[in-house]
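Undergrad: quick one, what's the 3D model for this:
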Amino acid sequence: MKRREFSLSTASVVAASALTLPVANTAMAQARQFKEGKDFKRLDKPVAPDAPAGKVDVIEFFWYSCPHCNAFEPVLDAWVKAAPKDLSVRRMPVAFNASFVPQQKLYYTLEGMGKLEELHAKVFRAIHVEKQKLAKDDEILAWVTKQGVDAAKFKEVYGSFSVSNQVRRASQLQEAYGVEGVPSMGVAGKFYTDGTMAGSMQTVLQVVEHLAATARKG
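TA: Reported below is the predicted structural model:
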């Protein structure tokens, strides 16, 4: 989903074809040469990677209410589990306007409480399958409480300085990478790719592996 398509009504921009995630053809992927300016772009100003020594920093930029991100999530999850061990993969919620901030805070609060693995996929399901509204603070609090999360603790972390800092950092990286739509990927503080550039999100993951290999070479 591109930046210009964002609105309060995400349903208006959903196209079934855009959600298609074709299975990769390994032989074709190996034969294809990914090109800068077509399949990915190199950042004009590199970003300092935030990954352990010896690891390649990989970021998925996403938005919980984005149908494309919902479709991509299980594909990404499977890829992360099988990805090279030297990739440090993390998700980063975007905000193209102030209405996105509560979901950014939701993500970082779940992470801070150690609940992300348990509830991350459930947030997507609540929004896209169960059609629940999770866009405002009170809606989010009501939902997490129903999931058995300590409401008082959640409110404390949700409104904390730590979460505010993480939200600020996410917005800085979003701008630094020039994110125009989600889902999209940043690699090693140097490269950016998305489904529009690569042709599909499955191909994006192949591009990420190619860029990681490039980053390893320095």
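Undergrad: pull the number of nearby residues for A213.
TA: Neighbourhood size, A213 [other CB atoms under 10 Å]: 11. In short, each C-beta sits where N, CA and C put it, glycine included.
Undergrad: what about it, is that helix, strand or coil?
TA: helix (DSSP: H, G, I helix; E, B strand; the rest coil).
Undergrad: mind checking how far it is from S88?
TA: 15 Å (CB to CB, to the nearest Å).
Undergrad: same deal with A48?
TA: 14 Å.
Undergrad: give me the more crowded residue out of those two.
TA: S88 (17 against 8).
Undergrad: name the next helix or strand downstream of the helix or strand bottoming out on mean pLDDT in the chain, please.
TA: Of the helices and strands making up the chain, the lowest-confidence element is helix 26-31, at a mean of 46, by mean pLDDT, DSSP states H and E. Proceeding N to C from helix 26-31, the next assigned helix or strand is strand 41-42, under DSSP states H and E.
Undergrad: neighbouring strands for that following strand, and are they parallel or not?
TA: strand 191-194 (antiparallel) (DSSP bridges).
Undergrad: next one: the strand it pairs with to chain centre, how far?
TA: Here strand 191-194 is found 12 Å from its chain centre; the criterion is CA atoms, centre = their mean, to the nearest Å.
Undergrad: assumed V58 was part of a helix.
TA: No: secondary structure of V58 (three-state DSSP): strand, not part of a helix.
Undergrad: run through the residues that contact it.
TA: Counting by CB atoms under 8 Å, 6 or more residues apart in numbering, V58 makes contact with 87-90, 185-188, 208, 212.
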